[in-house]
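Here's a sequence, model it:
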Amino acid sequence: MMDRVIAAKVFVETVERASTTAAADALGMSRAMASRYLSALEDWTGTRLLHRTTRRLSLTSAGERVLDLSREMVRVANDMSAAAGEGDSPHGLLRVAAPTILVEERLAPLLARFLCLHPRLSIDLRASDRPVDLVDDRIDLAIRIGRQLDPNCIARKLGETRSTLCASPSYLAERGVPAHPDDLSSHSCLTYTNFGAAEWHLHSGSVAVKVKALGPFRTNETLALRRAVLCGVGIAMLPTFAVEGLIASNALQAVLPGWEPQPHPIHVLYLSRDHLPAAARALIKYLEEDIALHKC
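Numbers count the residues shown, from 1 in each chain. Okay, the predicted model is just below:
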């Protein structure tokens with residue numbers, strides 16, 4: 001269920017600014033998300049609140065009555081937040097979603113340290129490579145790797161993650177070590193379906209190439225992809241943070257080290273800038289500082 005206080009605030013701002021787009025900008029959310037809040041408010045009240053045309057918005061008679069109630073609702077909510085001292089320190093429950101490989105390699109220990117700093121806070125962590133719907137899944141923050149982002153959410157870039165082509169020593173002993181990206185056409189390329197599985201983008205200095213990545217195995221689960229590489233099935237492109245330890249221990253071997261895969265951005269997604277809990281704001285800052293310190 002959508003937050004009714006936020007829906008009321010979107011309604012008030014839309015009426016006062018005579019524009020859903022202007023209201024969305026003022027509240028720090030996308031126009032699509034503002035429209036969803038207005039529709040949710042109309043569903044809740046069971047009546048149309050606004051007449052919408054290409055040129056202007058106007059209140060219905062029911063909308064005039066609901067407008068006064070919405071203003072009062074926003075005022076009371078603001079007073080309650082101030083009385084509770086919500087901005088003083090992070091507390092309560094924070095729901096976070098993130099890719100499985102990032103959770104296992106980086107996020108789980110980071111969140112453990114974060115919870116030690118904020119003992120009044122608890123976190124519900126959802127580990128999944130499946131993109132989540134922040135509204136339907138009741139997620140406060142979603143961390144995503146890649147360029148495909150939900151246009152209904154605010155996206156804040158935390159940094160970038162590098163990738164490494166790698167394979168097991170046993171696979172390379174049997175099939176040979178590629179010397180150039182063109183050599184990959186004769187190898188088994190294992191792919192991650194969420195990042196454009198059929199094509200790898202590599203560059204060496206100013207030279208950039210696209211390689212068809214064809215092979216016997218693809219998956220939408222990064223942990224499964226890493227396991228397949230360790231089992232000697234083929235060559236894969238994986239986040240560097242997820243394989244650097246395995247390469248150092250010789251469990252895996254870097255392939256084409258002179259050719260670097262295209263980095264992928266890391267974003268944190270949320271629904272509105274103005275209604276982030278103190279816990280969410282604190283965690284975003286903590287994530288930014290950690291990624292800046294340790295890179296990915």
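
Would you map the strands across the stretch 1-150 of the chain?
Under the criterion DSSP state E, counting those that start in this stretch, strands of the stretch 1-150 of the chain are mapped to 50-52, 57-59, 92-98, 121-127, 141-145.

Where does pLDDT dip in the protein?
Within the chain, the ranges that satisfy pLDDT under 70 run 1-2, 54, 81-89, 195-197, 274-275, 292-296.

rerun at 80
Along the chain, the parts satisfying pLDDT under 80 run over 1-3, 27-30, 52-56, 77-91, 194-198, 273-277, 290-296.

okay, now the domains of it?
Using automatic domain parsing, the domains assigned to the chain come out as 4-84, 92-161+265-294, 163-262.

Quick one: the ones you listed as TSV, columns for mean neighbour count too.
From N, CA and C alone the C-beta is placed, and that goes for glycine too. Output for those, formatted as TSV (neighbours: other CB atoms under 10 Å):
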stretch	mean neighbour count
domain 4-84	16
domain 92-161+265-294	17
domain 163-262	17
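
just how off-centre is stretch 243-256 within its chain?
Here the centre of stretch 243-256 is set off from its chain's centre by 27 Å, with CA atoms, centre = their mean, to the nearest Å.

how long is that stretch end to end?
End-to-end span of stretch 243-256 (CA to CA, to the nearest Å): 15 Å.

ok, L94 touching A142?
No - in this structure, L94 is not within contact of A142 by CB atoms under 8 Å, at 11.9 Å.

which residues of the stretch 151-296 of the chain fall in helices?
169-175, 222-230, 240-248, 278-294 (DSSP state H, counting those that start in this stretch).

Which residues does the second one contact?
Going back to what we said before, that points to helix 222-230. 99-101, 104, 129, 166-168, 190-192, 217, 219, 234-236, 238-239, 242-243, 246, 251-252 (CB atoms under 8 Å, 6 or more residues apart in numbering).

Hmm, S30 and T21 touching each other?
No - assessed by CB under 8 Å, T21 is found out of contact with S30, at 9.7 Å.

Tell me how far the nearest residue to A279 once chain neighbours are set aside lies from L102.
The shortest distance from A279 to any non-neighbouring residue, by CB to CB, 6 or more residues apart in numbering, is to P90 (3.8 Å). Distance, P90 to L102, using CB to CB, to the nearest Å: 21 Å.

In contact with A208: list those residues for me.
For A208, counting by CB under 8 Å, 6+ apart, the contacting residues are H201, L202.

er, D183 I mean
D183 sits next to G176 when contact means CB under 8 Å, 6+ apart.

cool, the one 5 residues further on as well?
With contact set as CB under 8 Å, 6+ apart, S188 has these partners: Y171, R175, G215, P216, F217, V233, G234, I235.

let's see it at 6 Å
G215, P216, G234 (CB atoms under 6 Å, 6 or more residues apart in numbering).

For it, what are phi and psi?
Main-chain dihedrals, S188, degrees, to the nearest 10: phi -90, psi 110.

now the closest residue to it other than its chain neighbours: how far from V255?
In space, and not counting its chain neighbours, S188 is closest to G234: 3.2 Å by CB to CB, 6+ apart. Distance, G234 to V255, using CB to CB: 10 Å.

Over to K210?
Where V255 is concerned, K210 sits at a distance of 17 Å (CB to CB).

Pull up the gap between T240 and C166, please.
9 Å.

If we ignore the residues flanking it in sequence, what's nearest R31?
Spatial nearest neighbour of R31, excluding adjacent residues (CB to CB, 6+ apart): A24 at 4.6 Å.
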